[in-house]
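K.L.:
below are the sequence and a predicted model for it; my questions follow.
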Amino acid sequence: MLALVFGVDVVCGPLLTLVAYNPAKKRRLMLLDFTVIGSIQLAALAYGLYSVTEARPVVLAFEVDRFVAVPAAGVDLTRLKSAPANLQALSWRGPVLIGTRKPKDAAEQMNAMTVLLQQGLEISARPDWWQSYELSRPDVKTRMKHLANLYAARRLDEQTLIETARLKSGLPMSSLYYLPMTGQKREDFIAILDAEANIVGYANVSGFDIK
């Protein structure tokens, strides 16, 4: 996405200059045209960089039965101070692997459902529900599924994607597991885990329809 931003900005300037250039124009008008073009380029670059920073994934959160990649723009910043101390600043170095806690009581669970329905905020996007991945590791182990079962149920092209990810992990299929991984716009990825629930790879395959 960052390359696209710079590409558009680089192309935008020369094209506008080509359109605006006319040797018959007075110098004052030419300077005015170039000033406007430069301003447009700077505005486009600023907006593009802002969009990139907002779209960057800041956490990869285990939520109930899946991993959710949450971008900076998706985080409820009003609750950021309620997150664990080491998670109160959004990451600039890639997503941080975290867990999400269980509701304290029925009332809090109902409130979470209300917020989801009214505001579209999942608990993975609410810092007041974040916790260390270590605290969620036992739940991940309970939820993760055998990768071999997913592999056997997939088409040949998807099997190739899974096998490629497995080879990169350096582990045998028999010792690997998976969970679905979702984002704002995509649900067709899996996170591949070892027996200790450490993420060792990813594959562009949906993991939702295999029990």
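P.N.:
Yes, it's here.

K.L.:
mind listing what's buried in stretch 176-195?
P.N.:
176-183, 189-193 (16 or more other C-beta atoms under 10 Å). Placement of C-beta: from N, CA and C, glycine included.

K.L.:
can you give me the strands in this structure?
P.N.:
Under the criterion DSSP state E, the chain contains strands at 57-63, 66-71, 96-100, 130-132, 145-146, 177-182, 189-193, 199-203.

K.L.:
who touches stretch 199-211?
P.N.:
Stretch 199-211 is contacted from outside by 60, 66-67, 97, 145, 149-150, 153-154, 158, 161-162, 164-166, 168-169, 171, 176, 178-181, 187-194, using C-beta atoms under 8 Å, 6 or more residues apart in numbering.

K.L.:
any stretches of the chain with poor pLDDT?
P.N.:
Where the chain drops to pLDDT under 70, the residues are 1-26, 30, 33-34, 37, 45, 47-51, 210-211.

K.L.:
swap the cut-off to 80 and go again
P.N.:
By pLDDT under 80, the low-scoring segments of the chain are 1-55, 184-187, 209-211.

K.L.:
outline the domain layout of it.
P.N.:
2-54, 57-141, 144-203 (automatic domain parsing).

K.L.:
would JSON lines of those with distance to D209 be doable?
P.N.:
Listed next are the domains of the chain as JSON lines, based on distance: least, C-beta to C-beta, whole Å:
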{"stretch": "domain 2-54", "distance to D209": "32"}
{"stretch": "domain 57-141", "distance to D209": "13"}
{"stretch": "domain 144-203", "distance to D209": "8"}
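
K.L.:
if we can go back for a sec, right, and the pair among the buried residues of stretch 176-195 with maximum separation?
P.N.:
The most widely separated members of the buried residues of stretch 176-195 are L176 and G183, with 22.0 Å between them, by C-beta to C-beta.

K.L.:
all helices of this protein, in order?
P.N.:
Counting by DSSP state H, the chain has these helices, from start to end: 2-20, 27-55, 106-119, 133-143, 147-153, 156-169.

K.L.:
contacts for the third one, please.
P.N.:
So that's helix 106-119. By C-beta under 8 Å, 6+ apart, the surrounding residues in contact with helix 106-119 are P103, L121, E122, I123, R126, W129.

K.L.:
ok, A107 - how many residues close by?
P.N.:
A107 has 9 neighbours, counted by other C-beta atoms under 10 Å.
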